[in-house]
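Novice: Show me how the following folds:
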Amino acid sequence: MASADLRSMQAISVIVPLYNKRPTLARALDSILAQEGVSFEVIVVDDDSNDGSTEVALAYGEKIRYIHQQNAGPAAARNRGVLESRCGLVAFLDADDELLPGCLLAHVKCRELSPAARLSICSSRAIHLDGSTQEVRLADRVKGLRAVDEFYFTERLCAELTRYVYVGCVDRELFDEVGGFDEGLRSWEITDFNLRASLASPVVGIINDI
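Specialist: Residues are numbered from 1 along each chain as shown. Presented below is the predicted three-dimensional model:
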């Protein structure tokens, strides 16, 4: 992808925090690289893995941007990835998760539908150890784009909207405004970030059709 494309507000930096995920890393990266219809970059931030994950990541060569740091936790790894990013939008994918086809394009189309949406969240699919799958959908009663104050507290969707970072896409400007992930938190840093980002966005895009 040309650098001019990456500077577009419709281009996405996908940040992959990595720590000892050798068995699943390739599937995660392949799922990103298979995305179509949108300009994107992949940034892997290796939090000092020691299980062979580093070699898996480096094998992708110029398909990804690889960054190594001393172990500082997933919040710091995500923040480092955003700091190094070049795109107007930022998405996150853990190294043991995968993006479904069309996920990144759906985030771009969400903003085309409503430019006021500075944060968008997709439903997801859980894959169990026995190979069975389960749809993890945001509440079906939430359709399209709605103002935060219409549902955030009155319909009690806070837990659903703040639990997952790996299905979300945030404007880089909004990420910077809310200060990124709190590296001082040992747990719940994802919920903390998503809550702050959601409350700072006039509209949150809910994408149920991925």
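Novice: Not counting residues beside it along the chain, what's closest to Ser120?
Specialist: Counting by CB to CB, 6 or more residues apart in numbering, Gly205 is the residue found nearest to Ser120 once chain neighbours are left out, at 3.4 Å. Heads up, the C-betas are built off the backbone N, CA and C, glycines and all.
Novice: Quick check: which helices or strands does the helix or strand hosting that neighbour pack against?
Specialist: Gly205 belongs to strand 203-207 when assigned by DSSP states H and E. Helices and strands touching strand 203-207, as assessed by 3 or more CB pairs under 8 Å, 6 or more residues apart in numbering; DSSP states H and E, comprise helix 103-113, strand 117-122, strand 145-147.
Novice: Give me the helices and strands touching the longest one, please.
Specialist: Meaning helix 103-113. If you count contacts as 3+ CB pairs under 8 Å, 6+ apart, helix 103-113 packs onto strand 12-18, strand 89-92, strand 117-122, strand 168-171, strand 203-207.
Novice: Pull out the buried positions in it.
Specialist: Within helix 103-113, the residues scored as buried using 16 or more other CB atoms under 10 Å are Cys103, Leu104, Leu105, Ala106, His107, Val108, Lys109, Cys110, Arg111.
Novice: for Glu183, what are its contacts?
Specialist: Counting by CB atoms under 8 Å, 6 or more residues apart in numbering, Glu183 makes contact with Ala72, Gly73, Ala75, Ala76, Asn79, Glu189.
Novice: With Arg172 instead?
Specialist: Contact analysis of Arg172 by CB under 8 Å, 6+ apart lists Ser13, Val82, Ser85, Cys87, Gly88, Leu89, Val90.
Novice: ok, which pair from these is furthest apart?
Specialist: Greatest spatial distance in those: Val82 and Gly88, 11.9 Å, computed using CB to CB.
Novice: which stretch among the helices and strands packed on helix 103-113 comes nearest Thr54?
Specialist: Closest of those to Thr54 is strand 12-18, at 8.2 Å (criterion: CB to CB).
Novice: and Arg80, helix, strand or coil?
Specialist: With DSSP: H, G, I helix; E, B strand; the rest coil as the basis, Arg80 sits in helix.
Novice: and it, how far is that from Ser201?
Specialist: 23 Å (CB to CB, to the nearest Å).
Novice: and the angle for the helix or strand hosting Leu25 with strand 12-18?
Specialist: For Leu25, the host element (DSSP H and E) is helix 22-33. Taking axes from the mean of the first three to the mean of the last three CA atoms, to 10 degrees, one finds that helix 22-33 is oriented at 180 degrees with respect to strand 12-18.
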